[in-house]
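# below: sequence and its predicted model.
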Amino acid sequence: MTQSRPPEHFARMYTANPDPWGFLTDPYEHAKYEESIKVLQGRRYVAGLEVGCSIGVLTQRLAPLCETLFGIDVVAEALGSAAARCAAQNWVSFQRMQVPEEWPAKHFDLIVLSEMLYFLSATDIERCAEHVKTSLLPGGAVLLVNWLGESDDPMTGDAAANHFISATAARLRVTYQTRQTRYRLDLLRG
């Protein structure tokens, strides 16, 4: 597959299962979230963006680190679950958007791209990288998390992360990387 996954692909997944990746139950997901939060702790973010927030499990964990947090996803049903999950965190908001065609007209000092880049084509990763470079505040952080398994997605997790890092190299530098059995995590700063 060389084209980005269309919104209908994800809508079908959520229709079949409201938690298609097991965000609520899979120990892999919980370990990945722990590592993500650990890497970001020690700093308070003024404005966070989570691209591909799904049902809001990671969003709920990111919220205490941010003064405001904006979650976007392409599936309305997933966003409904995310809003319900984060209802007590009134500084968190959500909107349906299809990246990279749509992007928030705001600036952020934290942008999280967790397990979504490999659903995009190389060209769309480059477009996403341009949005990130434009909307990231000076000194801001970008967290990439990518699954390392094989699939029929447009790119592997490694290829997607490497492509994004290359596309942002003039503006961002990698300050932390870790590679676990099933995922890799890259922290970039502007």
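In hand now; what should we look at?
# all contacts plus neighbour counts: C-alpha atoms, from now on.
OK.
# so what's the residue most central in space within the chain closest to, chain neighbours aside?
Note on the chain: the residue nearest the mean C-alpha position is Leu113, at 2.4 Å, using C-alpha atoms, centre = their mean. Distances taken as C-alpha to C-alpha, 6 or more residues apart in numbering place Leu144 nearest to Leu113, at 5.0 Å, with adjacent residues excluded.
# pairing partners for that neighbour in the sheet, please.
Beta-bridge pairing of Leu144 under DSSP bridges involves Leu113, Asp186.
# so it touches Tyr118, yeah?
No - with contact defined as C-alpha atoms under 8 Å, Leu144 does not reach Tyr118; the gap is 10.9 Å.
# overlap in contacts, these two.
Ala161 (C-alpha atoms under 8 Å, 6 or more residues apart in numbering).
# what ranges in this protein fall below the confidence cut-off?
By pLDDT under 70, the weakly predicted segments of the chain are 1.
# let's see 90
Confidence mapping of the chain against pLDDT under 90 gives the ranges 1-2, 41-42.
# Tyr28 versus Phe10, what's the distance?
Noted for Phe10: a distance of 21 Å to Tyr28, by C-alpha to C-alpha, to the nearest Å.
# what about the nearest residue to Thr156 once chain neighbours are set aside, how many neighbours?
Closest residue to Thr156 apart from its sequence neighbours, by C-alpha to C-alpha, 6+ apart: Tyr118 at 5.8 Å. Using other C-alpha atoms under 10 Å, the number of residues around Tyr118 comes to 26.
# tell me who's in contact with Tyr118.
Each residue near Tyr118 by C-alpha under 8 Å, 6+ apart is listed here: Asn146, Asp153, Pro154, Met155, Thr156, Gly157, Ala159, Ala160, Ala161.
# helix or strand for the first one, just tell me which one.
Taking DSSP states H and E as the criterion, the element that holds Asn146 is strand 136-147.
# so which bits of that strand are buried?
Neighbour-count burial for strand 136-147 flags Leu136, Leu137, Gly140, Ala141, Val142, Leu143, Leu144, Val145, Asn146, Trp147 (criterion: 16 or more other C-alpha atoms under 10 Å).
# wait, the third one sits on His107?
Looking back up the chat, that one is Gly140. No - the pair Gly140 / His107 is not scored as a contact, 9.8 Å apart, by C-alpha under 8 Å.
# can you give me the helices for the protein?
7-16, 27-40, 57-62, 76-85, 122-135, 157-167 (DSSP state H).
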